[in-house]
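J.: the following comprises the amino acid sequence and a computationally predicted model.
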Amino acid sequence: MLNQNRQQNHQQPSTQMPSQQQFGGHELIEADESIGAIVGGLEHFVLYEQHVQDQELANIMQRQKAFLTQVYNTVLDTLKSGKDPAVKTQTYLMEENNDTTYGMKPSSPKTPIQSVNELNDECISNFILGHLKAIASSFTLVALEATNPVLRRIFADSIPNIIEMAYEVYLYQNKHQYYQVAQLQQQDMQTIINSYAPIQGNITQ
């Protein structure tokens, strides 16, 4: 019986591991996917830069590329050390206003481009938005799977920044009618808005 207990104790994983080894297998796989999403986004930024025509879009891309580069370095720092990174999570501040134009305007049917020469700002901004959505989704998944508290916090704190970047690109697209926002009829909107009521009475703290 004593030998069996010793074997069981011997099989239990030690919690006193070096910092750089304090990661679960699943979170490392998800982190690898997330880092790959950042790398893919950054590499596509490089490809798109030479095709951008609008200086406003070029400025957005330049700011976002610099920010994503720092996110990449911060994640990598903690992944290699298991500790707080040298440069902690920053806050992304977009320069677009928050105004959305609602409603749909008729436009000519679109087809996928057939050559690089057809690339335009609408295509490029669509590509960037797609990358940012993929990064935000990937970061959310790894933050929910992470066992290392520092790595989890870095991914979790970065999600609002990626969302803000995606929102900035959306606002740029909306302003140029690349991204139109359909609305329900007023009566239908009010029906949904008014379909819930607040909880009454004292709420236990």
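T.: Cool, got the structure. Source: prediction; values computed, not measured.
J.: and the residue nearest the centre of the protein?
T.: In the chain, the centroid-proximal residue (CA atoms, centre = their mean) is Ala136; its distance is 2.0 Å.
J.: which stretches in this structure count as helices?
T.: If you assign secondary structure with DSSP state H, the helices in the chain sit at 2-11, 25-49, 55-81, 121-145, 149-175, 186-193.
J.: of all those helices, which lies closest to Thr91?
T.: helix 149-175 (6.6 Å; CB to CB). Where you see a C-beta, it was placed from the backbone N, CA and C, and this is true even at glycine.
J.: which helix or strand in the protein has the lowest average pLDDT?
T.: Within the chain, confidence by mean pLDDT, DSSP states H and E is lowest for helix 2-11 among all helices and strands, at a mean of 46.
J.: pretty sure Gln183 is touching Ile192, no?
T.: No. Judged on CB atoms under 8 Å, Gln183 makes no contact with Ile192 at a distance of 11.7 Å.
J.: low-confidence bits of this protein, can you list those?
T.: Within the chain, the segments meeting pLDDT under 70 span 1-21, 205.
J.: neighbours of His176, how many?
T.: A count of neighbours around His176, defined by other CB atoms under 10 Å, yields 14.
J.: for Thr69, see how far away Val75 is.
T.: 11 Å (CB to CB, to the nearest Å).
J.: between these two, who's got more neighbours?
T.: When neighbours are counted by other CB under 10 Å, Val75 comes out ahead of the other of Val75 and Thr69, with 22 against 13.
J.: who are the contact partners of the more buried one?
T.: Val75 makes contacts with Ala31, Ser34, Ile35, Ile38, Pro85, Leu151, Ile154, Phe155, Ser158, as judged by CB atoms under 8 Å, 6 or more residues apart in numbering.
J.: how about the fourth one: what's its closest non-neighbour residue?
T.: In this case it means Ile38. Setting aside the residues directly before and after it, Ile38 is nearest to Tyr72 in space (CB to CB, 6 or more residues apart in numbering), at 4.9 Å.
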